[in-house]
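Give the three-dimensional model of this entry:
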Amino acid sequence: MESEIGRKINEALKERWGVTLNLSFYERGKRRIYAYSCGNLGVRAVSKGLYFATIEKDGLRLSMEGSFIVGKVAKKNVVEVDEEKALRWMRGEAIEINQTDVSEGYVILKYGSYFIGCGKLRNGKIINFVPKDRRL
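Sure, this is the predicted structure:
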């Protein structure tokens, strides 16, 4: 049986990226969402779940890991970038795009076959949320 937070997360994922996930979700701390699989992986868990997203006032902001999980199956709001923009993004810079098939709000960035995070698209510019300790 899916929890209330699980329903809310899957609704947000369906609306923004056109997907639902077969994962369980729980909230820890202030607005931080963790995801986990209910299956037995045969290993001892150190902690329950993977940091997946943060609930913001204006939507669901995916973590880098959350971007990779959702990006593989997302049907919309994925921005493909070239190497130059991918490097700028990984340095923590905001980047400008002219892609018209995405809507303003949180988007997933993709370089080649790799998903490099989630940013907020506004007025043709994607605001960067890459944590400082993960930047180049």
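
Alpha carbons only: can I get stretch 124-133 in CSV?
Output of stretch 124-133 as CSV, limited to C-alpha atoms (Å, rounded to 0.1, in the frame of the first residue of the first chain):
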residue,chain,number,x,y,z
GLY,A,124,15.5,30.6,-20.9
LYS,A,125,18.1,30.1,-18.1
ILE,A,126,18.5,27.1,-15.9
ILE,A,127,19.4,27.9,-12.3
ASN,A,128,22.0,25.5,-10.9
PHE,A,129,21.6,23.4,-7.7
VAL,A,130,24.7,21.2,-7.9
PRO,A,131,26.1,21.0,-4.4
LYS,A,132,29.4,22.8,-3.9
ASP,A,133,31.1,19.5,-2.8
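
Distance from that stretch to the middle of the chain?
Centre-to-centre, stretch 124-133 and its host chain are 12 Å apart (Cα atoms, centre = their mean, to the nearest Å).

So for it, what gets flagged as buried?
126, 128-130 (16 or more other Cβ atoms under 10 Å). Using the backbone N, CA and C atoms, a C-beta is placed for each residue, glycine as well.

And stretch 77-86, by the same measure?
So for stretch 77-86, counting by 16+ other Cβ under 10 Å, buried means 77-79, 81, 85-86.

what does stretch 23-43 give?
Using 16+ other Cβ under 10 Å as the test for burial, stretch 23-43 gives 23-27, 33-35.

ok, back up a step: and which of the buried residues of stretch 124-133 is nearest to Tyr51?
Taking Cβ to Cβ as the measure, Tyr51 sits nearest to Phe129 out of these, at 12.7 Å.

for that closest one, helix, strand, or coil?
Per DSSP: H, G, I helix; E, B strand; the rest coil, the local secondary structure of Phe129 is coil.

If we only consider the buried residues of stretch 124-133, which is nearest to Ile55?
The closest of the buried residues of stretch 124-133, once distances to Ile55 are taken by Cβ to Cβ, is Phe129, at 13.8 Å.
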